[in-house]
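Peer 1: could you work out the structure for the sequence below:
(chains A and B)
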2 protein chains.
Amino acid sequence: MPDDHKSKKQPGEFELIARLCAGLPQSSRTILGPGDDCAVLAPSRRPQLLTIDSMVESVHFNLEWLSAQQLGARALTVNLSDIAAMGGTPHTCVVNLGIRAGLDAAFFDRLYRGLRQAAQAAAVDIVGGNITRSGQLTLTVALLGDVTGQALRRDTARIGDEIFVTGTLGDSALGWRILAGEIKAEGTARKYLVGRFIAPAARLLQGQELARMRPAPAAIDISDGLLGDLGHILERSRVGAEVDLAALPRSRHYVTVAGDRLEMALSGGEDYELLFCLRPGHSEEALSRRLGVPVRRIGLIVERRRGLKLRGPDGRLLAAAAMRGWDQLANGAAQLRK
Amino acid sequence: MPDDHKSKKQPGEFELIARLCAGLPQSSRTILGPGDDCAVLAPSRRPQLLTIDSMVESVHFNLEWLSAQQLGARALTVNLSDIAAMGGTPHTCVVNLGIRAGLDAAFFDRLYRGLRQAAQAAAVDIVGGNITRSGQLTLTVALLGDVTGQALRRDTARIGDEIFVTGTLGDSALGWRILAGEIKAEGTARKYLVGRFIAPAARLLQGQELARMRPAPAAIDISDGLLGDLGHILERSRVGAEVDLAALPRSRHYVTVAGDRLEMALSGGEDYELLFCLRPGHSEEALSRRLGVPVRRIGLIVERRRGLKLRGPDGRLLAAAAMRGWDQLANGAAQLRK
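Peer 2: All right, here's what the predicted structure looks like:
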């Protein structure tokens, strides 16, 4: 029978877990944190939200693009955004780390520092995790939250609703293409766009505020691109939509780099802004004040049979079928690797 | 700006998610299942258990070794075992799938069939998930459960406690070495040992029964090997232990293949049996009847300064320091790949 030969070059699983979990702060909600077979959480009186998301090296990021600390924070943020899209408050997460050769303990210390800071900022307890060997560095976070009142869903958009988005679209997609060397940009524009990819913000407060409105708006976070994510709303709500191309909110840095081209704003992905649908009567100004971020009305929910249409500057409607959302499964790896 | 070139050879992320989630049965606990940004779960009156675990191709399994269906079931089972080790009842999971090129939609249908069957058998709702491209097929499951009364923990072993294990040890480790071609075995022995690796059982009922005992026993599931996992109990409870080598429960198929050698029973890993610590006065017979599986007393909790010792057939005590548990992070990939 073969012996188990230990590698001395990398920290072992248990050593690494002990380093990463040492002194993690826990709220009173956590009865038992890291170090056992499971974490134990206090019962909850409110409905619970549960989501899982993953970031894979060479698919979602390259280590030359962002620091270990930024990577750790981002892995939590993409999950926070899912909680935000339901109008919830995140509270507890577990982390699965797939680690490859060539990364030392100091790297994982920095990674976890970023993750812990992001968790602390969002009042999330990291209550456990798992570490495994893998060919690519992989961070998978499962996140729990709770929701007061009614969760924001994808299946509640109604004909006549107006469609709004927070912030600006396409910045992040431009940012990672700049990092990948596919697009050139310099100075402030580069810094801003790359920053939007590397350190997105989850719209938690905005989601929670939307969840206070009645009827509860249909909502989704824009992670796959506006058209793709709006498509999810249409499919689940069995409705159609018209989107006004002239209304798409783009940052001035987007315009500097991409000019009039709308592809990244329409289908770029990884914006982590919120898209939501409201009964008519809400002004952009009042909503922007209420949510504390710029809000733009970009279109209208229509009958299902009318599908998803884009209204051009000349007022004509174009079918959106040819401009699908960014499907990272089909594209991500190939793009990052080329 | 580059266009997003879509591959037509593999199903896209959304298509695959729709296939995998179609018609998933949900209990009344699930308010909103797959298809939104998060799942929504009903509030729980009992403490909640949360765990995450991952299976990575070429690290934990090879596709020549087991069917897609067996793989799907196993990914849930290793998590069920963590809930079992806390004495809990699993109820809800989310699944993150990292998929590589070369696997078609039919493969994922079979994978999910196995996962769904295992979930149904354990009364677990699959409420959502995420799919990403990856270099290796990777299945990560985050699992929630609840616990009636007191959870079984690693930090509650006391000096004088007797140490017990369910079932037999080392079968699974022999099984995967047989699959890897490192050990030869034929006939019934091969079938049994390989089966113990491919289709382990989580000791849920046994864990739940142990959680009814007072005081609640310290417990852990044996996933890293007896010595490694007992080591976790000792570290967390700040105690030592003596293990009687002659008492280690081995199957007759283990003995057929490995003879008197104890390495796999001591350090093999992936047994998914339970190890637990009880105040003296429980017989193996009564415990076996109560738990419905064979239970063996293998040792004693002693003072911390005495560390972890193994008692040989001659009654002499040996330090266990040289015989550590199977650390898959340090060994798994190298072993499977050689």
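Peer 1: tell me the bridge partners for the closest residue to A:N79 other than its chain neighbours.
Peer 2: In space, and not counting its chain neighbours, A:N79 is closest to A:L143: 4.1 Å by C-beta to C-beta, 6 or more residues apart in numbering or on different chains. Glycine gets a C-beta too; all of them are placed from N, C-alpha and C. Under the criterion DSSP bridges, A:L143 forms beta bridges with A:T51, A:C93.
Peer 1: what residues are up against the residue sitting nearest the centre point of chain A?
Peer 2: Note on chain A: the residue nearest the mean C-alpha position is A:V78, at 3.3 Å, using C-alpha atoms, centre = their mean. Residues near A:V78 by C-beta atoms under 8 Å, 6 or more residues apart in numbering or on different chains: A:D53, A:M55, A:V141, A:P200, A:A202, A:S223, A:Y272.
Peer 1: same check on A:F107?
Peer 2: A:A68.
Peer 1: now swap in the one 4 residues further on and tell me
Peer 2: Contacts were defined as C-beta under 8 Å, 6+ apart; by that measure A:L111 touches A:A68, A:Q69, A:L71, A:G72, A:L139.
Peer 1: for it, give its distance to B:L193.
Peer 2: As defined by C-beta to C-beta, to the nearest Å, A:L111 lies at a distance of 38 Å from B:L193.
Peer 1: any idea how far the residue nearest to the centre of chain A is from A:S54?
Peer 2: 9 Å.
Peer 1: repeat for A:P215
Peer 2: 33 Å.
Peer 1: in terms of neighbours, single out the busier of the two.
Peer 2: Between A:P215 and A:S54, A:S54 has the larger neighbour count (other C-beta atoms under 10 Å in any protein chain shown), namely 26 against 11.
Peer 1: what helix or strand is the closest residue to that one other than its chain neighbours on?
Peer 2: Leaving aside its sequence neighbours, A:S54 sits nearest to A:T140 (C-beta to C-beta, 6+ apart; 4.2 Å). Using DSSP states H and E, A:T140 falls within strand A:138-146.
Peer 1: can you give the strand pairings for whichever helix or strand comes after that strand, parallel or anti for each?
Peer 2: Where DSSP H and E defines the elements, the next helix or strand beyond strand A:138-146 is strand A:162-166. With DSSP bridges as the test, strand A:162-166 is paired with strand A:273-278 (antiparallel), strand A:295-302 (antiparallel).
Peer 1: deepest-packed of those, please.
Peer 2: strand A:273-278 (a mean of 26; mean count of other C-beta atoms under 10 Å in any protein chain shown).
Peer 1: residues in contact with that one: which ones?
Peer 2: So strand A:273-278 is contacted by A:84-85, A:152, A:156-158, A:161-169, A:203, A:206-207, A:210, A:213, A:217-222, A:226, A:229-230, A:233, A:287, A:301 (C-beta under 8 Å, 6+ apart).
Peer 1: how about the strands in the stretch 51-200 of chain A?
Peer 2: A:89-99, A:125-133, A:138-146, A:162-166 (DSSP state E, counting those that start in this stretch).
Peer 1: who are the packing partners of the longest one?
Peer 2: Which is strand A:89-99. strand A:39-41, helix A:68-85, helix A:105-121, strand A:125-133, strand A:138-146, helix A:204-210, strand B:48-56, strand B:138-146 (3 or more C-beta pairs under 8 Å, 6 or more residues apart in numbering or on different chains; DSSP states H and E).
Peer 1: between the contacts of A:L111, identify the one with the most neighbours.
Peer 2: A:G72 leads these on contacts (other C-beta under 10 Å) with 28 neighbours.
Peer 1: surely it is in contact with A:F108?
Peer 2: No: look at A:G72 against A:F108 with C-beta atoms under 8 Å: they stay out of range, at 9.1 Å.
Peer 1: report the contact partners of A:W176.
Peer 2: A:W65, A:V194, A:F197, A:E270.
Peer 1: so what's the second one closest to, chain neighbours aside?
Peer 2: Here the nearest residue to A:V194 in space, its sequence neighbours aside, is A:G175; by C-beta to C-beta, 6+ apart that works out to 4.4 Å.
Peer 1: up against chain B, what does the stretch 101-250 of chain A have?
Peer 2: A:127-136, A:138, A:140, A:142, A:144-145, A:147, A:151, A:153-155, A:177, A:182-183, A:220-221, A:228, A:232, A:236 (C-beta under 8 Å from any C-beta of the partner chain).
Peer 1: which stretches of the stretch 51-200 of chain A have low pLDDT?
Peer 2: Nowhere does the stretch 51-200 of chain A drop to pLDDT under 70.
Peer 1: quick one: whichever residue of it sits closest to chain B and B:A320, what's the gap?
Peer 2: Here the stretch 51-200 of chain A gets closest to chain B at one residue, A:A142, 3.3 Å apart by C-beta to the nearest C-beta. Note on A:A142: its distance to B:A320, by C-beta to C-beta, is 35 Å.
Peer 1: the two - which one has more neighbours?
Peer 2: Each of A:A142 and B:A320 has its neighbours counted (other C-beta under 10 Å); A:A142 has more, 31 against 21.
Peer 1: what's the separation between that one and B:T51?
Peer 2: 9 Å.
Peer 1: could you do A:V78 as well?
Peer 2: A:V78 is 21 Å from B:T51, by C-beta to C-beta.
Peer 1: if we can go back for a sec, ok, the residue nearest to A:S54 - contacts?
Peer 2: Neighbour list for A:T140: A:52-55, A:75, A:95-98, B:52, B:54, B:96, B:140 [criterion: C-beta under 8 Å, 6+ apart].
Peer 1: mind checking pLDDT for the residue nearest to A:A173 when sequence neighbours are not counted?
Peer 2: Once flanking residues are discounted, A:A173 sits nearest to A:G268: 2.5 Å by C-beta to C-beta, 6+ apart. We have a pLDDT of 92 for A:G268.
Peer 1: that concludes my questions; thank you for your assistance.
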